[in-house]
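Novice: Return a 3D structure for these sequence lines:
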Amino acid sequence: MFDRHLHPRVKPLLQQLAAKIDRPGISPDGITLFGFAVGVLALPFLALQWYGAALVAILMNRLCDGLDGALARRRGLSDAGGFLDIALDFLFYALVPFGFALASPLENGLAAAWLLFAFIGTGSSFLAFAAVADKYALSNPGYPHKSFYYLGGLTEGSETIAAFVLCCLFPQAFFWIAIVFGTLCWFTTLSRVWGGYQTLKEAEQQAKTPQS
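Specialist: Residues are numbered from 1 along each chain as shown. From the prediction side, this is the model:
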């Protein structure tokens, strides 16, 4: 919900950082992989209940996620890079609830499962629409910087990271944060499925209509 509003404000800073690291030995895909490796550290940190260290790993992962895109836009967007970025993003999003489940299975297990269940809904609706939208060359003015169709919703990247930060700052409240955020994710899934279906149905009808 907030991604399209926050990105124009964060973009200039990311562009400046990307310009400073734009060197022959540094690639967007390399930053993606490095950021994912740092993000994976959040899993053992959470399992050990080192919530401060996990928060640092999560924020570093997100910084790298912004930098790889900024550097890619300087050099030219890549379909392969876009695929790698989104695939590792979804893996990262899934490992955070799992880490909280490992930290306290009895207290957090059910809420973590609910949140992962919700992430399956948001992720599958997002990726399924993106795959078909390319067939009809649908434009996406809200997210022109993305390498594929970015379907928005109530819970996007900004809201997800905000929820993760809250969970790390207040781990004793993970259960209710995960339950509430997971519920909001299902509103996103339902809106994406319905809106995506209507959009693709209209695009399909237009493609079948003879052009005068």
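
Novice: and the helix or strand hosting Ile58, which residues are buried?
Specialist: Taking DSSP states H and E as the definition, Ile58 sits inside helix 51-75. For helix 51-75, burial by neighbour count (16 or more other C-beta atoms under 10 Å) applies to 51, 53-62, 64-73. To be clear about C-beta, it is placed using only N, CA and C from the backbone, and glycine gets the same treatment.

Novice: just checking, what packs against that helix?
Specialist: When contacts are defined as 3 or more C-beta pairs under 8 Å, 6 or more residues apart in numbering; DSSP states H and E, helix 51-75 sits against helix 3-21, helix 28-40, helix 42-47, helix 79-103, helix 157-169.

Novice: Can you give the distance from the third one to the centre of its chain?
Specialist: Just to be clear, that refers to helix 42-47. 19 Å (C-alpha atoms, centre = their mean, to the nearest Å).

Novice: ok, residues contacting that helix?
Specialist: Outside helix 42-47, the residues within contact range by C-beta atoms under 8 Å, 6 or more residues apart in numbering are 51, 53-54, 57-58, 61, 95-96, 98-100, 102-103.

Novice: Could I get the average pLDDT for it?
Specialist: Here helix 42-47 scores 98 as its mean pLDDT.

Novice: what's the average pLDDT for the helix or strand hosting Val180?
Specialist: If you go by DSSP H and E, Val180 is part of helix 174-208. On average, the pLDDT along helix 174-208 is 90.

Novice: got the angle for that helix vs helix 51-75?
Specialist: Interaxial angle, helix 174-208 versus helix 51-75 (axes from the mean of the first three to the mean of the last three C-alpha atoms, to 10 degrees): 20 degrees.

Novice: Surely Ala101 is in contact with Ala113?
Specialist: Yes - Ala101 lies in contact with Ala113 (C-beta atoms under 8 Å); the separation is 7.4 Å.

Novice: where in this protein is pLDDT low?
Specialist: 1-9, 137-153, 210-212 (pLDDT under 70).

Novice: Could you state which residue of it sits nearest its centroid?
Specialist: Closest residue to the average C-alpha location of the chain: Gly157 at 4.5 Å, with C-alpha atoms, centre = their mean.
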